[in-house]
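Chemist: Okay, sequence plus prediction incoming.
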Amino acid sequence: MKRIRDILGFRERPGGDFRYVQDRFSDFLEILARSNRVLELIAAVRARLRGESAPDVAYAHEVVDQLSQCARGLVQEMISRYGQDYAGLADRLASIEAEAIGLLAGGDVADEVAAEAGVSGREPVGAEPSRRLLSRLCTLNPCNPEGPDFAINGCRTFRDVARFAHQKALSEAVKAAEKLSDCAMRLDSEIPLPVDVLFVDGPRLRSQRGQQIRHKDIACEPMRVFWDGLVHEGWPSQAPRATVKGFMSVLATTMSTPTSPNFAETSFAVLSPEYMMISLQMGYHVSAVEAMCSADSSRNYVRMQFSRGGAPLDRRKRRINLIEHVLDRAGFESHTNEDYLDATIIGEPSSSVLEKLNVLGRLTILTKQLDMALSSDGLAQWYADDFVKKLGLS
């Protein structure tokens, strides 16, 4: 997730076209809905794969057909709404489909694809290989959206395509929201974290620069409940206790990294009545939470991304593993890569979405600067178990 001043550019500039911003936000919601349809199919497949009986070849063919249709619709919408910059995504999807169909037919496919699926490229796929093939097609290849590998050519599965489209559509919506930077308000809260709040769904707002809004008055229930979680835990008076060695290693890491992020940088939230996206600058790490909470559970989802930190990589990875452990107990599916985490849950009723958001708010405070203290795997596990009990997830 790019920094706030790279994305929203809170600078002195004229207000933008509100209709344009609303249209871009509508574009994002359409891409989001289509991306979630792909994820719903994948969730059903993964549930089937966890069963005792292996899926047969006919089921594998049916799944590939359904995923292909949904993913094609998603890619077509991306090209229609955002232009030919995403035309290559159609070619990449065609390659993914061809590889899957080739394996199912026992055709001649790339050796590495056959190897990952656990079958020969020239042998018909049986029941157990079908399980491995479907598992591969539904896998998310962990990749930090800030990294160079997050590109069209990096999409290797249907799930990669859905995640790429979602992330890019979100980036387009947030960039468009720059036109409403004069309508941002500062969040008024007992949590001493500067957050600029921007509403992108509703009547045209007059300039709100310099004005504040209490979190209880925000017309976005997901955001209110998430922030309630932060308030429940309260802002820590001091960071988790770190050893002298730990503190010195943190200092060495930040001093030796030429691109170290600024310690204090404004966080921001982009909101509508049912949707929230908040990016929090929490010292040296960034946490982003997205959620849709509506009466239609098929539209609902919660997503958390977490990256970076001030401690050395081994301690940052322990914090990521700790968060993954806690979120697993909360029902999230998480994917990690070094010090980056991407956790998602979809298709939940609104009451469950709100519960998850409250947990994420509390976990945001509990893990603040925790990487400094995680000097061993055993200590990280102790914290993980403690948080699971504290959050009522045991």
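Modeler: Done, it's in. Residues are numbered from 1 along each chain as shown.
Chemist: the helices in this protein, which residues?
Modeler: With DSSP state H as the criterion, the chain has helices at 4-7, 18-49, 57-82, 87-105, 111-117, 127-137, 158-176, 221-233, 244-256, 313-329, 350-366, 377-390.
Chemist: Mind giving me the packing neighbours of the last one?
Modeler: So the one you mean is helix 377-390. Where contact means 3 or more Cβ pairs under 8 Å, 6 or more residues apart in numbering; DSSP states H and E, helix 377-390 is packed against helix 313-329, helix 350-366. For the C-beta atoms, the positions are set from N, CA and C on the backbone; glycine is no exception.
Chemist: The first one packs against which elements?
Modeler: If contacts are counted by 3+ Cβ pairs under 8 Å, 6+ apart, helix 313-329 sits against strand 301-308, strand 333-337, strand 340-346, helix 350-366, helix 377-390.
Chemist: Now render these as TSV, adding mean neighbour count, mean pLDDT and distance to Arg224.
Modeler: Compiled in TSV, those are given as follows (neighbours: other Cβ atoms under 10 Å; pLDDT from 0 to 100; distance: least, Cβ to Cβ, whole Å):
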stretch	mean neighbour count	mean pLDDT	distance to Arg224
strand 301-308	23	91	15
strand 333-337	18	88	25
strand 340-346	22	91	19
helix 350-366	21	96	9
helix 377-390	15	94	22
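Chemist: Comparing the helices of the chain by mean pLDDT, which bottoms out?
Modeler: Of all the helices of the chain, helix 4-7 carries the lowest average pLDDT, namely a mean of 35.
Chemist: hang on, the earlier thing: Leu193 is nearest to which of the helices and strands packed on helix 313-329?
Modeler: Nearest to Leu193, of all these, is helix 350-366, at 9.6 Å by Cβ to Cβ.
Chemist: Which strands or helices does that closest one pack on?
Modeler: helix 221-233, strand 285-292, strand 301-308, helix 313-329, helix 377-390.
Chemist: Figure out which of the helices and strands packed on helix 313-329 is closest to Ala98.
Modeler: Evaluated over those, closeness to Ala98 peaks at strand 333-337, with 25.0 Å, by Cβ to Cβ.
Chemist: re the thing from before, okay, the helices and strands packed on helix 350-366 in CSV with distance to His166 next?
Modeler: Output for the helices and strands packed on helix 350-366, formatted as CSV (distance: least, Cβ to Cβ, whole Å):
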stretch, distance to His166
helix 221-233, 17
strand 285-292, 9
strand 301-308, 8
helix 313-329, 18
helix 377-390, 28
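Chemist: Which among the ones you listed is found nearest to Ala176?
Modeler: It is, among the helices and strands packed on helix 350-366 and with distance given as Cβ to Cβ, strand 285-292, at 16.4 Å.
Chemist: neighbouring contacts of that closest one?
Modeler: Contacts with strand 285-292, where a contact means Cβ atoms under 8 Å, 6 or more residues apart in numbering, come from 1, 32, 170, 222, 226, 261, 274-280, 299-310, 316, 353, 356-357, 360, 364, 371.
Chemist: Which residues in it does the neighbour count mark as buried?
Modeler: Residues His285, Val286, Ser287, Ala288, Val289, Glu290, Ala291, Met292 are the ones in strand 285-292 that count as buried (16 or more other Cβ atoms under 10 Å).
Chemist: Would you list the phi and psi of the nearest residue to Arg224 once chain neighbours are set aside?
Modeler: Nearest in space to Arg224, with sequence neighbours left out and distances taken as Cβ to Cβ, 6 or more residues apart in numbering, is Ile218 at 5.5 Å. The phi and psi values for Ile218, taken as degrees, to the nearest 10, are phi -70, psi 130.
Chemist: Contacts only, for Ile218.
Modeler: Val197, Arg224, Trp227, Leu271.
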